[in-house]
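Trainee: Pasting a predicted model and its sequence here:
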Amino acid sequence: MCMDHDSNPNLICEAVSGDGATVKGRHAFLPANADTVHWGYFSKNIVPKIEIDSGDYATIEVLTHHANDDAERMIEGDPGAESVFHWTREGKAVIRRGAGDGEDGEGLGVHICTGPVFIRDAEPGDVLEVRILDVRPRPAGLPKYTGKTFGSNAAANWGYHYNDLLTEPKPREVITIYEVDSTGARNWAEAVYNYRWVPQTDPFGKSHPTIDYPGVPVDHSTIEKNFEILKGVRVPIRPHFGVIAVAPKEADMVNSIPPGYFGGNIDNWRIGKGGTVYLPVSVEGALFSVGDSHASQGDAELCGTAIECSLTGTFQFILHKRDRLAGTPLEGLDYPLLETANEWVVHGFSYPNYLAELDVEKRGQVFTQSTLDSAMRDAFHKMRRFLMVTKNLSEDEAISLMSVGVDFGVSQVVDGNVGVHAILRKDMFLA
């Protein structure tokens, strides 16, 4: 296995596949900069940034869209981040942000996604296996922060808590900046300071009373920093990618916020190093993208965000052709499936495929009509099928096992299409 090959994109690497076979492939490197990211949307029409074969590897840089909450710590001195976040009165380096109408997308969709990656020979009906081999924090760019990485948590207006605040002022949005050890020597994050969001004026002169558009630079002369927070608290880090996706087929421009059958903004912290995600392919080349990187997140992502932190991931891509899926756990796969060393994780959503279930005029209803109940029911249906098909259980056996041995958890309640995951332990099965 080779891991550190950023300087040699043609290095041949190898890994052992799930069936014990050795898989070899070339290694590509995809940096994050203004030319390699798409901001706030997925599209089957984006020109791929790299093309690879099944079995190949790629190291991909991912930037957090919250970096301008503290540009000194998360942008300055980092050429890639500076190129993406460049925004002056004269213009923006990345113009389109979101999937809405208009040149800049009107902010409908927020995540900076690197890609897409074109997987040769991938066709609709295939399944793309994405192995997450390594995840590393992106070091801060300024020498004064050597050895450190920073992330931002926004308790925002879309958070589950927002209308249930106890103390004044109400309502309010609060940004908390966290520090992470970029060398990997420490496995926790600690809070540095927080501040309340106050109206910010972007370089085009537009005011933002709330956090309503991605990448707005925060003028730190307008905020009051509170450094006396979360003293003695260490948050265990579990670096992962909130967004991991292939391009959906149903529309030319798809908002990056609601997740769906294609993956997207799943926001499950288990999608990190050592995990494998299986995604159903619906367009030629699959068009894989990754974004919304997090240093840590709790199930539910209650206040609206995780510790939003730029990361770099190393992935291997294995293509499973549709004519070879029968009798495997991937047969009929129509949702993002996660496998770890010890578990299978099934993802349910309020709308399993809101792009198909809601017509174009009604797709916005996914933000107002999604419920935990419908997401739970979808996770139940998917886990029942998984047990009946892959473990050859009867329906009665599957239902009993789900109640006594499967853990259902809330992935997120803040992404429009609410998510519930079901965790099946592999060691319950003797064979």
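Mentor: Yep, that arrived.
Trainee: where does the chain dip in pLDDT?
Mentor: 1-24 (pLDDT under 70).
Trainee: just so I have it, where are all the helices in it?
Mentor: Secondary structure of the chain, counting by DSSP state H: helices at 71-74, 79-85, 354-357, 366-369, 372-390, 395-405.
Trainee: To residue 232, which of those lies closest?
Mentor: In terms of CB to CB, the element of the helices of the chain nearest to residue 232 is helix 71-74, at 22.0 Å. Heads up, the C-betas are built off the backbone N, CA and C, glycines and all.
Trainee: roughly how far out does the closest one sit from the chain middle?
Mentor: Computed by CA atoms, centre = their mean, to the nearest Å, the chain-centroid distance of helix 71-74 equals 21 Å.
Trainee: repeat for stretch 158-170
Mentor: Remark: stretch 158-170 is offset 25 Å from the chain centroid, using CA atoms, centre = their mean.
Trainee: tell me which residues in it are buried?
Mentor: 158-159, 162 (16 or more other CB atoms under 10 Å).
Trainee: do the same with stretch 41-55
Mentor: The neighbour-count check on stretch 41-55 (16+ other CB under 10 Å) flags 41-44, 46, 48-50, 52, 54-55 as buried.
Trainee: Turn these into a markdown table, columns for distance to residue 115.
Mentor: A markdown table is the format used below for the buried residues of stretch 41-55 (distance: CB to CB, whole Å):
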| residue | distance to residue 115 |
| --- | --- |
| 41 | 12 |
| 42 | 10 |
| 43 | 11 |
| 44 | 13 |
| 46 | 8 |
| 48 | 8 |
| 49 | 6 |
| 50 | 8 |
| 52 | 11 |
| 54 | 17 |
| 55 | 18 |
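Trainee: which stretch among the helices of the chain comes nearest residue 171?
Mentor: Residue 171 sits nearest to helix 366-369 of all the helices of the chain, at 17.9 Å, using CB to CB.
Trainee: how far out from the middle of the chain is that closest one?
Mentor: In terms of CA atoms, centre = their mean, the centre of helix 366-369 is set 20 Å apart from its chain centre.
Trainee: Please apply the same query to stretch 192-208.
Mentor: Stretch 192-208 sits 25 Å away from the centroid of its parent chain (CA atoms, centre = their mean).
Trainee: Contact partners for residue 288?
Mentor: Shown in contact with residue 288 (CB atoms under 8 Å, 6 or more residues apart in numbering): 115-117, 119, 128, 130, 245-246, 279, 317.
Trainee: go on, residue 412?
Mentor: 265-268, 299-301, 418-419.
Trainee: what does stretch 324-333 contact?
Mentor: Contacts of stretch 324-333 from elsewhere in the structure, counted by CB under 8 Å, 6+ apart, are 127, 278, 280, 320, 337, 344, 385-386, 389-390.
Trainee: mind listing what's buried in it?
Mentor: Judged by neighbour count (16+ other CB under 10 Å), stretch 324-333 contains these buried residues: 325, 329-330, 333.
Trainee: before we move on, back to that, would you reformat the helices of the chain as a markdown table and include mean neighbour count and distance to residue 413?
Mentor: As requested, these are arranged in a markdown table below (neighbours: other CB atoms under 10 Å; distance: least, CB to CB, whole Å):
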| stretch | mean neighbour count | distance to residue 413 |
| --- | --- | --- |
| helix 71-74 | 20 | 26 |
| helix 79-85 | 20 | 29 |
| helix 354-357 | 18 | 16 |
| helix 366-369 | 15 | 12 |
| helix 372-390 | 19 | 7 |
| helix 395-405 | 13 | 22 |
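Trainee: and residue 295, which of these is closest to it?
Mentor: Closest to residue 295 of the helices of the chain is helix 71-74 (CB to CB; 11.7 Å).
Trainee: Identify the residues contacting the closest one?
Mentor: If you take CB under 8 Å, 6+ apart as the criterion, helix 71-74 is touched by 64, 66-68, 81, 85, 140, 142, 145, 148, 150-152, 177, 217-218, 220, 310.
Trainee: rerun at 10 Å
Mentor: Where contact means CB atoms under 10 Å, 6 or more residues apart in numbering, the residues beyond helix 71-74 that reach it are 63-64, 66-68, 78, 81-82, 85, 138, 140-142, 144-145, 148-152, 177, 179, 192, 217-220, 308-310.
Trainee: for the residue lying closest to residue 198 once chain neighbours are set aside, what are its contacts?
Mentor: Computed as CB to CB, 6 or more residues apart in numbering, the closest residue to residue 198 that is not its neighbour in sequence is residue 222, at 5.5 Å. The contact partners of residue 222, by CB under 10 Å, 6+ apart, come to 195, 197-201.
Trainee: Could you do residue 378 as well?
Mentor: Contacts here follow CB under 10 Å, 6+ apart; on that basis residue 378 touches 335, 346-352, 418-420, 422.
Trainee: what do you get if the cut-off is 8 Å, keeping everything else the same?
Mentor: So residue 378 contacts 348-350, 352, 420 (CB under 8 Å, 6+ apart).
Trainee: same thing with residue 234?
Mentor: Contacts of residue 234 by CB under 8 Å, 6+ apart are 188-190.
Trainee: again, only using 7 Å
Mentor: With contact taken as CB atoms under 7 Å, 6 or more residues apart in numbering, residue 234 is in contact with 188, 190.
Trainee: nearest to residue 396, of the contacts of residue 378?
Mentor: residue 348 (21.0 Å).
Trainee: Please report how far the closest one lies from residue 382.
Mentor: Residue 348 sits at a distance of 6 Å from residue 382 (criterion: CB to CB, to the nearest Å).
Trainee: quick revisit: going through the contacts of residue 222, which ones are buried?
Mentor: By neighbour count, with 16+ other CB under 10 Å, the contacts of residue 222 hold 195, 197, 200 as buried.
Trainee: Can you flag which of those belong to strands?
Mentor: Mapping the buried ones among the contacts of residue 222 onto strands (DSSP state E) picks out 195, 200.
Trainee: Serialize the buried ones among the contacts of residue 222 to CSV and add fields for distance to residue 409.
Mentor: Below are these laid out as CSV (distance: CB to CB, whole Å):
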residue, distance to residue 409
195, 31
197, 30
200, 35
